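Student: heads up, no residue letters with this:
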C-alpha cells in the first residue's frame, strides 16, 4: 500500500452518503466497513441518508475509502469521503 495518501493530521473519520434504502440497518454498514479495520463509532442520520464512521486509525480509514467509494450498496451508490474536522 502506498502511504502517500495517509496524512498524520487527517481524522480517521469517513463521511458516507447514499444510505437511503428503507430497510437499511447500521449493523449492515458495520458488517461491510469493519472488514477494512477496527471501527470505534458509527453515527447514522436517516434524514440525510448518511453516516460518520470513526476508525481506530487513519490507515484503516484510507483503505476503506479506497475500496468502498462508489460501490453499489443496497441499490444505491455509496459516496465515501473524508470528514473534515476544523
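Tutor: Perfect, I can see it now. Since we're looking at a predicted model, the values are computed, not measured. Numbering: from 1, shown residues only.
Student: so where's this structure shaky on pLDDT?
Tutor: 1-8, 86 (pLDDT under 70).
Student: and the strands in it, which stretches?
Tutor: In chain order, the chain shows strands spanning 13-17, 39-45, 50-55, 72-73, 76-77, 79-82, with DSSP state E as the criterion.
Student: turn those strands into TSV, columns for mean neighbour count and distance to residue 62.
Tutor: Where you see a C-beta, it was placed from the backbone N, CA and C, and this is true even at glycine. Shown next, in TSV, are the strands of the chain (neighbours: other CB atoms under 10 Å; distance: least, CB to CB, whole Å):
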stretch	mean neighbour count	distance to residue 62
strand 13-17	19	9
strand 39-45	14	14
strand 50-55	20	9
strand 72-73	13	19
strand 76-77	13	20
strand 79-82	16	9
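Student: mind checking these for the one nearest to residue 25?
Tutor: With CB to CB, the closest approach to residue 25 among the strands of the chain belongs to strand 39-45: 9.0 Å.
Student: partners of that closest one in the sheet?
Tutor: As defined by DSSP bridges, the strand partners of strand 39-45 come to strand 50-55 (antiparallel).
Student: so the partner strand versus strand 13-17, what angle?
Tutor: Between strand 50-55 and strand 13-17, the angle formed by their directions is 150 degrees, by axes from the mean of the first three to the mean of the last three CA atoms, to 10 degrees.
Student: so which residue is dead centre in the chain?
Tutor: The central residue of the chain, meaning the one whose C-alpha is nearest the mean C-alpha position (CA atoms, centre = their mean), is residue 14 at 4.4 Å.
Student: elements contacting the lengthiest helix in the chain?
Tutor: With secondary structure taken from DSSP state H, the chain has its longest helix at helix 58-68. Contacting helix 58-68 under the criterion 3 or more CB pairs under 8 Å, 6 or more residues apart in numbering; DSSP states H and E are the following elements: strand 13-17, helix 26-33, strand 50-55, strand 79-82.
Student: angle of it against strand 39-45?
Tutor: Between the axis of helix 58-68 and that of strand 39-45 there is an angle of 50 degrees, by the same axes, to 10 degrees.
Student: without its sequence neighbours, what residue ends up closest to residue 37?
Tutor: Nearest residue to residue 37, sequence neighbours excluded (CB to CB, 6 or more residues apart in numbering): residue 60, at 2.4 Å.
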